[in-house]
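> I would like to see how this sequence folds:
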Amino acid sequence: MSDPTDPRREHPGTYVVQDRSNQEELTRLHIQDQMITASMGGVLPEQAETARWQRVLDVGCGTGGWLIKIAQTYPDASLLIGVDVSRQMLDFARTQATAVQVEDRVEFHIMDALRMLEFPTHYFDLLNQRFNFSYLRTWDWPKLLQEYQRVVRPGGVIRVTESDIIESNSPALTNLCELCLKALYQVGHFFTSHNNGVTSELAHLLHQHGLDNVQTRAYTIEYRAGTPEGKLFAEDMGHLFQTHKPFLAKWLRLSEGYEQLYQQMLHEIAQPGFVATWNLLTVWGTSPSKSHALPPHHR
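Down below sits the predicted model:
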């Protein structure tokens, strides 16, 4: 298992926000983490048999909110591990785990899932991935899903949650979201140029790459101005279109009007009557009882 203090472990990544010391992005992810978990109805709302999961891995855990909530919700889970490429995110996550006194069961390790998950074969009962299209390209999925099956025990659950591009009645937010979609598709993070360019492929990907009993659950979440949830959504969007601006500028020709559009968005999403719709999809399946052939270095 990797040493979280090893300075050699942090590799260059494919995440859309390249600056890992970006405090605003850390704040945004912390807000989004709590917001999405609450909006979905909890950490594992679609799962019925959770008592048998003793070892849980969260890939691309970011600020650690989902895993910490797992520790609080399921006190019998004995080992909960989060991995991410950002040392700053993991330092924050450890602080949060200590603050709520779950640090005895929760670990965070610097690790790049696109290289290898440095765990023994068939080690985990449940593997979770949420909102990872921000660093996954379409061609990364086959190897990643094979690696997931290596570290999850036969019959264990692999669970993936991704989202569509947000839709709303704010013209400015709609324009900014269209810019994000265009850039994400151009770089290869989306399979198609449609709003559901990742979620439309998830079930097929899990089927295609060997998972059994693949199931889905869709969520349609509304955020309205004047509500606590709407306030968090506005904070999330306010941070997002600042921290993602370098990514958009790199892959698109942003006009000088970007800042004006951003300010217009902030105004519109604060107005009475504003509503945004965010479609999410959770797809899960079980790691096959009979292991598929693995590359020699995984055997």
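> For the stretch 101-250 of the chain, which segments are assigned as helices?
Using DSSP state H, counting those that start in this stretch, the helices of the stretch 101-250 of the chain run over 141-151, 171-187, 199-208, 228-243, 245-251.
> Looking at the ones you listed, spot the one closest to residue 38.
Proximity to residue 38 (Cβ to Cβ) singles out helix 228-243 among those, at 7.6 Å. The C-beta positions use only the backbone N, C-alpha and C, and glycine is treated the same way.
> Return the list of helices and strands in contact with that closest one.
In terms of contacts (3 or more Cβ pairs under 8 Å, 6 or more residues apart in numbering; DSSP states H and E), helix 228-243 is packed against helix 23-40, strand 212-224, helix 258-268.
> what distance separates the helix or strand just after the longest one from the centre of its chain?
Stepping forward along the backbone from helix 23-40, the first helix or strand reached (DSSP states H and E) is strand 55-59. If you compare the mean C-alpha spot of strand 55-59 with that of the full chain, they lie 13 Å apart, counting by Cα atoms, centre = their mean, to the nearest Å.
> so which of the helices of the stretch 101-250 of the chain is the most packed in?
helix 141-151 (a mean of 20; mean count of other Cβ atoms under 10 Å).
> What's opposite residue 59 in the beta bridge?
residue 83, residue 129 (DSSP bridges).
> Run a quick neighbour tally on the nearest residue to residue 243 once chain neighbours are set aside.
Nearest non-adjacent residue to residue 243, counting by Cβ to Cβ, 6 or more residues apart in numbering: residue 25, 4.3 Å away. Using other Cβ atoms under 10 Å, residue 25 has 24 neighbouring residues.
> Next up, the contacts around residue 114.
Listed by Cβ atoms under 8 Å, 6 or more residues apart in numbering, the contact set of residue 114 reads 14, 135, 136, 140, 143, 144.
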